[in-house]
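J.: would you be able to build a 3D model of this:
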Amino acid sequence: MDNERTVDLVLEGGGVKGIALVGAATALVENGYSFARIGGSSAGAMVGSIMAAMQHANEPFSRVDEIMRTIDYMAFVDRRPAAKYLKWAPRVADLWGMLFHLGAHPGRHLDQWLRGVLADLGVRTFGDLYFDDPGSSLPQNQSFRLVVTASDLSRQRAMFLPWDLEAHDRDPFDYPVARAVRASSAIPFFFEPVKVNSQFGKLTLVDGSLLRTYPIDVFDRTDGKPSRWPTLGVRLSSPAGERAKAKPVTSPVALLENLIKTTVDSTQVRHVSDPASIDRSIFAKPKGVRFTDFDLTPEQRTSLFEAGHKAATNWVAKHPAGPPASQPLESL
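T.: This next block holds a predicted model:
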């Protein structure tokens, strides 16, 4: 592999704002970058899976934008058949789903849609994304072009899929990529969790953003040797400042939302606030769109793409030599 402008790419989670990730990646490709491996969480997992499948099929990168712009996000907000009896009270249907299925929406449409998109590109399981990578510090059975994060609530820890499946007596080569992305995208209470049978019992997997929304160090070497190429990440948020404005918490919903955000931020501050991580991160923070705004207008989709594209273009202009080399984990 030609190491000139080759990077491992890491994509942060952010719901529908993931279109900005496509804009950023497109700008990088336009500036000569190529991606050896891709890691991501939630929306980053979805975008990353399509990008990895495009590379597998040798399709032009422009098709990623084409697919993401035509997604019917409202279709992802699907309902169970029994909910038709509660269609007069959608909030009651949501509560029923949360109580009996741990999620208001089953998430089947997301799973089925992504399976179809990936299958058209010749990707079904992680075995299709395996490649021979003898120069890596990873074990040979972890040599995949895509790694996504999920949060295992049953054992209170982060999972890296497909890497961690073997430890649970599951064959990573046979595990569906779309299912892993579905787990990584399972917003708590909103989407039903993904269950995985394991030698330790049944795992309950939800949104990877809870524990590792931005796994910037996922591909850093662990053997003390210099990296072959750097890691570059794209974030949908900005570094938190000490002088950030206070936002009053005035309702139970706001309390729950901020409780989750505070917990998420506190568990990841070491990974995302380290100067070395900031130096290899593109901050593509879109404005005016929440991560659950599934009813995006065409104008909002364009705005999200352009926000990511502009952020990456500006980053490239400021870093003509590219991102700094990733330091081996044992030397940090």
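
J.: quick one: distance of the helix or strand residue 54 falls within to the chain centre.
T.: In the assignment (DSSP states H and E), residue 54 maps to helix 43-57. The chain centroid and the centroid of helix 43-57 are separated by 10 Å under Cα atoms, centre = their mean, to the nearest Å.

J.: go on, stretch 6-26?
T.: 8 Å.

J.: where's the residue nearest to residue 199 when sequence neighbours are not counted relative to residue 10, distance?
T.: Leaving aside its sequence neighbours, residue 199 sits nearest to residue 169 (Cβ to Cβ, 6 or more residues apart in numbering; 4.2 Å). Quick note: C-beta positions are derived from backbone N, CA and C, even for glycine. The gap separating residue 169 from residue 10 is 28 Å, by Cβ to Cβ, to the nearest Å.

J.: for the two, indicate the residue with more neighbours.
T.: In this view residue 169 and residue 10 are compared by other Cβ atoms under 10 Å, and residue 10 has more residues nearby, 28 against 10.

J.: can you pull the buried residues of the helix holding residue 54?
T.: 43-56 (16 or more other Cβ atoms under 10 Å).

J.: with stretch 162-178 instead?
T.: Using 16+ other Cβ under 10 Å as the test for burial, stretch 162-178 gives 162-165, 168, 170, 172-173, 175-178.

J.: repeat that for stretch 214-224.
T.: Neighbour-count burial for stretch 214-224 flags 214-221 (criterion: 16+ other Cβ under 10 Å).

J.: let me see the contact set for residue 131.
T.: Residues in contact with residue 131 (Cβ atoms under 8 Å, 6 or more residues apart in numbering) are 143-145.

J.: quick check, pLDDT for it.
T.: Reported pLDDT at residue 131 in the predicted model: 94.

J.: again, but for the one 3 residues further on
T.: The predicted structure scores residue 134 at 87 on the pLDDT scale.

J.: tell me how many other residues crowd it.
T.: Neighbour count of residue 134, defined by other Cβ under 10 Å: 6.

J.: and the nearest residue to residue 157 once chain neighbours are set aside, how far from residue 294?
T.: If the residues on either side of it in the chain are set aside, residue 157 comes closest to residue 211, at 7.3 Å by Cβ to Cβ, 6+ apart. Relative to residue 294, residue 211 is positioned 24 Å away (Cβ to Cβ).
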